[in-house]
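# Give me the fold of what follows.
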Amino acid sequence: MKRFAPTALMLGNFVTGVSVLAPAGMLSQLSDGLGVTVREASLLVTFGAMVLCIGSPLTAWLTSRFDRRLLLAGTLMFMSAAHLASAFAPNYSSLLAFRLVMLAVGALFTPQAAGTASMIVPPDRRGSTMSYVFLGWSLAAALGLPAITYVASHMSWRVTYGGIAAVAFVSSFLLAWRLPVGLAGVPVDIKTWTALGRSPLVLVLLLITTCQMAGQFVVFTFAAPLMARLANASPETIALVFLTWGATGFVGNMLASRIVDSWGAWRSSLLFTSSLLTGVIGWAIGSETISAIFVAIAFWGFGFAATNSMQQVRLVAAAPPLASASVSLNTSVLYIGQGIGSAIGGTFYVRDAFAAMNYAATAFVVVALILIVLTKPRAGAN
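Numbering: from 1, shown residues only. The predicted structure follows:
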């Protein structure tokens, strides 16, 4: 393994995570700068999620035989160019088109990075290396999203896109430099998806992921303008709230990786989803008070990343031979949840139905928690 190869993959995941989350951190700036409503700006999240949910399994199938070094470096270079184009987008329609094309290509990065990480290290280091590579997503939430909010509010959304383009370019260079030549994955068999569809447990676990993400994105997509409208939060305060969310998410994910072996994935999932629900309810109760928002967002963030990590662990345990496909499918339904949640949230937001947003968010997470309870494994299983 070349030195810093996992770091190059981790940085690529950081860029991917920032690319997905970026509009949520600057909805107000995009709305003002492009002359559209906040609801219309939020469609960058909704439509982007739709492209990602389709693109993740589709690109995994189409590119399964490609050299990983060229594939991953080329993907990040394309994303860099798309972000640079976004910085100069003349209107909303152009920005939306650039984003959808960029995400259609970028959808392949995270699943392929995971597969690449497993190929470049010995078997006894695969778990820790893959966890390190996925750290990029946690850092995107902990550092990237607050930075996006701050830069967009103090400079402009165009400068923000230019900055993401620069980071993506550096990441592409590192991948081309540090990944070994000639890495190729195992071809994806269409029959694998059919086998997954015949597993009731796998289907319920995928539904849990969908509900968890839908519940969060009903509110999270509009968190910045909601804080400004309901609690008179300044851009600096909003950035600090996002920083708290990301930091507690990082802590929660790290704790999950430490306790899952002893607690089991089911109990760990129950813990972190309960924390997520506590945060969503806390937001519903205290979204007009900054101090209450910080408390709620800490609970919310603590469960955010860890819940998805536990879902992946449970999916692998549910069908070990189909693990790579089930984790890829989990990524796809995660984006479906984002799309559903942001679409529902936008429908309520444009009508100033903020209480309805809170009810919908809570209902989705409650359903996820109930399904987790109902999928308790038999004694002796995880």
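
# residue ranges with poor pLDDT in the stretch 151-300 of the chain?
Counting by pLDDT under 70, the stretch 151-300 of the chain has low-confidence residues at 184-190, 192-193.

# got a list of what A22 touches?
Contacts for A22 were tallied using Cβ atoms under 8 Å, 6 or more residues apart in numbering; they are 145, 148, 160-161, 164. In short, each C-beta sits where N, CA and C put it, glycine included.

# my bad, should have said G48
Contacts here follow Cβ under 8 Å, 6+ apart; on that basis G48 touches 20, 23, 99-100, 103.

# so how far is A89 from it?
Using Cβ to Cβ, to the nearest Å, one gets 14 Å for the distance from G48 to A89.

# Counting neighbours, what do you get for T7?
Other residues lying near T7 total 16 when counted by other Cβ atoms under 10 Å.

# any idea which helix or strand carries it?
In this structure, T7 is located in helix 5-25 according to DSSP states H and E.

# quick one: that helix to chain centroid distance?
Distance of helix 5-25 from the chain centroid (Cα atoms, centre = their mean, to the nearest Å) equals 9 Å.

# C-alpha coordinates for it, CSV please?
Written as CSV, here are the backbone C-alpha positions of helix 5-25 (Å, rounded to 0.1, in the frame of the first residue of the first chain):
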residue,chain,number,x,y,z
ALA,A,5,-3.5,6.3,0.0
PRO,A,6,-6.3,5.9,2.7
THR,A,7,-6.0,9.6,3.4
ALA,A,8,-6.5,10.4,-0.3
LEU,A,9,-9.7,8.3,-0.2
MET,A,10,-10.8,9.9,3.0
LEU,A,11,-10.4,13.4,1.5
GLY,A,12,-12.4,12.3,-1.5
ASN,A,13,-15.2,11.3,0.8
PHE,A,14,-14.9,14.7,2.5
VAL,A,15,-15.4,16.4,-0.9
THR,A,16,-18.3,14.1,-1.7
GLY,A,17,-20.0,14.8,1.6
VAL,A,18,-19.5,18.6,1.3
SER,A,19,-20.9,18.4,-2.2
VAL,A,20,-24.0,16.7,-1.0
LEU,A,21,-24.6,18.9,2.0
ALA,A,22,-23.5,22.3,0.5
PRO,A,23,-26.9,23.8,-0.5
ALA,A,24,-28.3,23.1,3.0
GLY,A,25,-25.6,25.4,4.5
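
# Need the contacts of A22 in TSV (columns: secondary structure).
Listed next are the contacts of A22 as TSV, based on DSSP: H, G, I helix; E, B strand; the rest coil:
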residue	secondary structure
L145	helix
I148	helix
T160	helix
Y161	helix
I164	helix
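
# what would those look like in CSV with neighbour count?
Below are these laid out as CSV (neighbours: other Cβ atoms under 10 Å):
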residue, neighbour count
L145, 26
I148, 27
T160, 26
Y161, 27
I164, 25
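
# Quickly check the residues you listed for the two that are furthest apart.
Spatial extent of these (Cβ to Cβ) is set by the pair L145 and Y161 at 14.4 Å.

# After the helix holding T7, which helix or strand is next?
Read in the C-terminal direction, the helix or strand following helix 5-25 is helix 27-34, with elements assigned using DSSP H and E.

# Next, the angle from that next one to helix 5-25.
The directions of helix 27-34 and helix 5-25 differ by 70 degrees, with axes from the mean of the first three to the mean of the last three Cα atoms, to 10 degrees as the criterion.
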